[in-house]
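> Quick one, structure for this:
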Amino acid sequence: MTKNLLLSCLVGFLGVFLCSGLDAEIVRLSGGQWLQGEIVEHDEKQFVLERWDTGGVVTIQWSRVVVDDRKRLQRKLGYILEEDLDEKVGGMRLFLVDGRVLEGVPLEKGTDSEVLRLKTSSGILRIERSRIRTATAIQLIASEIYSGEELYRQQLKGLNPKSAQDHYRLCEYLVRLGNVEKALEHLQQAIQIDPGYEERYAERVSSLNEEVQRRAIEARFVLILSKAKAKRFDEAEADLAALVAEFQDNAGALTRDPALITEEIQQMRDAHLQRQVFDQMISALRSLAGKAAGKRGVTYDEAKSYAEGSMGEEAKKLVAAKLKIEEQDVESFFEERAKKKSFRVSFGSGSFLVGTEGTSKEDAGTEGGDALGLSKDIDEIKKLIEKMGGPKLQTGRSRGGSQGGGGGSGGQSETDLKNLWYRAASRSSRSNLMLGLYAIQHLQVERNLWTPCSGCGGKGVRVHMVAGSNAGTRHRVCTRCRGMRYDRTVVFK
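Model prediction:
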């Protein structure tokens, strides 16, 4: 009873397997794997196989399939016509100990050497014979192993140069290889040997001439686009104009639409300029700010007015001249710059001059503003300085500054404070300040970075010991940060 049941199940299983096997395909992959299933979708680059062992679906590139199986399946699916099949050459299929399967033509005869050189579709491989488990002789398609030039040289060896028929046969062979230029040459030689070929194959000559011209035109389009990709836009546009002019009476011969090529070149130019304009603008602004910072006798308000006003216009003119575009184009590309582009400016000891300008309440809080006591504007800082005795501002280029006496400069105006700092600051500090003032006015603040003042450690005041009858400690506003507590670095985009 049990044996009959098992036998029935086995027969049923085999019946299902054999019936289903009518549409089954066995596919061998170059990595050594064998798959069985049904091809449910396919195109020129890949196919989808429904596996029988797992029931799953896998997408396989044609290039991963062993050559014989690939040709067999492509011919069955209609991608290769019988007349397209190339001549065969003797080769070998090697089964390696690591499971891989290689196919190609051995370049050495015999087994004397320890290394086998195998010519494959991907090049010449050197394989240690100890890694070969078994080898089988097979027939391979010549064009899968040899390049078109190699096949052409092989055919030339058997060519009778005085035979019109040989030249014509070689012509047709070269057409199949895709070498229409050489094919046309050999057909013309056949006509020279036997003038009767001219009338007989006039249509063939005409079609080859058209194909040669089509390929030459397409090659020129490809070269034009390659020049544009290499940022040689003017040269690409000049070549395109010359090509269009050459075929103005036969525009149908052009393989691509010149208007679309022009648009593609312009898009590449615009993308390039958009990247260039941002970098060039920042470079020009830094240069102009540096030059302006080197001028003496300039007040803070004058420097601020220049930074927020005409400095940007001067930078646009410089960039336009360098990139050979209009100023309005510079402005347009700069406005449309990629948002990932950014740069930073540190205000250093001049942070108190800008305070939290350009930040929102949310930004001040999350980036350290109100949370770090940075909500004070310049007026509040000035009041703090006056309240705590108004120490003298540093007048040299050192960061330390002098420690003033009580009330000595408490009556300084806001303008005095700004001008004293601007005159005492280094050129690089003044330059950074001007660049930052421009950016706050014209660009978007991406984030603020706050670093504790190096003079007071982020306390805003400095403690001084007083001797004598009034011995004790006194707190004075930090002469570097003016009570700001932190240096501000702004990242703009």
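> Based on its surroundings, how many neighbours for Ser280?
Careful, residue 280 is Gln; it's not Ser. 21 (other Cβ atoms under 10 Å). Every residue, glycine included, has its C-beta placed from N, CA and C.
> Ser122 versus that one, what's the distance?
45 Å (Cβ to Cβ, to the nearest Å).
> same deal with Gly460?
Following Cβ to Cβ, the distance that separates Gly460 from Ser122 is 70 Å.
> Looking at the two, which one has more neighbours?
Comparing Gly460 with Ser122 by other Cβ under 10 Å, the one with more neighbours is Gly460, at 22 against 11.
> Please parse this structure into its domains.
20-83, 86-146, 151-265, 339-492 (automatic domain parsing).
> For Arg296, find the nearest of the ones you listed.
Nearest to Arg296 among the domains of the chain is domain 339-492 (8.4 Å), distances taken as Cβ to Cβ.
> would you say Thr479 is within a strand?
No. Counting by DSSP: H, G, I helix; E, B strand; the rest coil, Thr479 falls outside a strand, being coil.
> how many neighbours does it have?
21.
> and the gap between it and Leu225?
62 Å.
> for Arg344, same thing?
Arg344 is 37 Å from Leu225, by Cβ to Cβ.
> which element is the closest residue in space to Ala183 that isn't next to it in sequence on?
The shortest distance from Ala183 to any residue other than its chain neighbours is 3.8 Å, reached at Leu174 (Cβ to Cβ, 6 or more residues apart in numbering). Element membership for Leu174, per DSSP states H and E: helix 164-177.
> Could you list every helix and strand in contact with that helix?
Other helices and strands packing on helix 164-177, by 3 or more Cβ pairs under 8 Å, 6 or more residues apart in numbering; DSSP states H and E, are helix 148-157, helix 180-193.
> Now the last one - C-alpha only, PDB.
So the one you mean is helix 180-193. What follows is helix 180-193 as a C-alpha-only set of coordinates in PDB (Å, rounded to 0.1, in the frame of the first residue of the first chain):
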ATOM      1  CA  VAL A 180      31.200  49.500 -44.100                       C
ATOM      2  CA  GLU A 181      34.100  51.800 -44.900                       C
ATOM      3  CA  LYS A 182      36.400  48.800 -45.700                       C
ATOM      4  CA  ALA A 183      33.500  47.000 -47.300                       C
ATOM      5  CA  LEU A 184      33.000  49.800 -49.800                       C
ATOM      6  CA  GLU A 185      36.700  49.900 -50.600                       C
ATOM      7  CA  HIS A 186      36.700  46.200 -51.500                       C
ATOM      8  CA  LEU A 187      33.500  46.500 -53.600                       C
ATOM      9  CA  GLN A 188      35.200  49.400 -55.500                       C
ATOM     10  CA  GLN A 189      38.200  47.200 -56.100                       C
ATOM     11  CA  ALA A 190      36.000  44.400 -57.400                       C
ATOM     12  CA  ILE A 191      34.400  46.900 -59.900                       C
ATOM     13  CA  GLN A 192      37.900  48.000 -61.000                       C
ATOM     14  CA  ILE A 193      38.800  44.400 -61.700                       C
END
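> Now do it against helix 148-157, angle only.
20 degrees (axes from the mean of the first three to the mean of the last three Cα atoms, to 10 degrees).
> relative to helix 164-177, how tilted is helix 180-193?
170 degrees.
> Run the chain-centre distance for stretch 241-259.
Mean-position distance between stretch 241-259 and its chain equals 31 Å (Cα atoms, centre = their mean, to the nearest Å).
> mean confidence for it?
Stretch 241-259 shows a mean pLDDT of 91.
> begin at 794 from here
Sure thing, new numbering starts at 794, so read that last one as stretch 1034-1052.
> Name the surrounding residues that touch that stretch.
Here stretch 1034-1052 makes contact (Cβ atoms under 8 Å, 6 or more residues apart in numbering) with Gln1006, Arg1007, Ile1010, Glu1011, Arg1013, Phe1014, Ile1017, Leu1033.
> contacting residues for the fifth one?
Applying Cβ under 8 Å, 6+ apart, we find Arg1013 in contact with Asp1032, Leu1036.
> what helix or strand does it sit in?
Judged by DSSP H and E, Arg1013 forms part of helix 995-1022.
> Counting neighbours, which bits of the helix or strand just after that helix end up buried?
Per DSSP H and E, the first helix or strand lying C-terminal to helix 995-1022 is helix 1026-1039. Using 16 or more other Cβ atoms under 10 Å as the burial criterion, the residues of helix 1026-1039 that qualify are Phe1026, Ala1029, Glu1030, Asp1032, Leu1033, Leu1036.
> Val1037 versus the third one, what's the distance?
This means Glu1030. 11 Å.
> cool, the second one as well?
Distance, Ala1029 to Val1037, by Cβ to Cβ: 13 Å.
> what angle separates the helix or strand encompassing Gln1073 from helix 995-1022?
Using DSSP H and E, Gln1073 maps to helix 1051-1086. Put simply, helix 1051-1086 runs at 20 degrees to helix 995-1022, going by the same axes, to 10 degrees.
> Convert the C-alpha atoms of the next helix or strand after helix 1051-1086 to CSV, please.
Going down the chain from helix 1051-1086, the next helix or strand is helix 1093-1101, by DSSP H and E. Provided in CSV are the C-alpha atoms of helix 1093-1101 (Å, rounded to 0.1, in the frame of the first residue of the first chain):
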residue,chain,number,x,y,z
TYR,A,1093,33.4,101.5,9.7
ASP,A,1094,30.2,103.0,8.1
GLU,A,1095,32.0,103.7,4.8
ALA,A,1096,33.3,100.1,4.7
LYS,A,1097,29.9,98.7,5.6
SER,A,1098,28.2,100.9,2.9
TYR,A,1099,30.7,99.6,0.3
ALA,A,1100,30.3,96.0,1.3
GLU,A,1101,26.5,96.0,1.2
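> Check which residues of helix 1093-1101 are buried.
Buried residues in helix 1093-1101 (16+ other Cβ under 10 Å): Tyr1093, Ala1096, Lys1097, Tyr1099, Ala1100, Glu1101.
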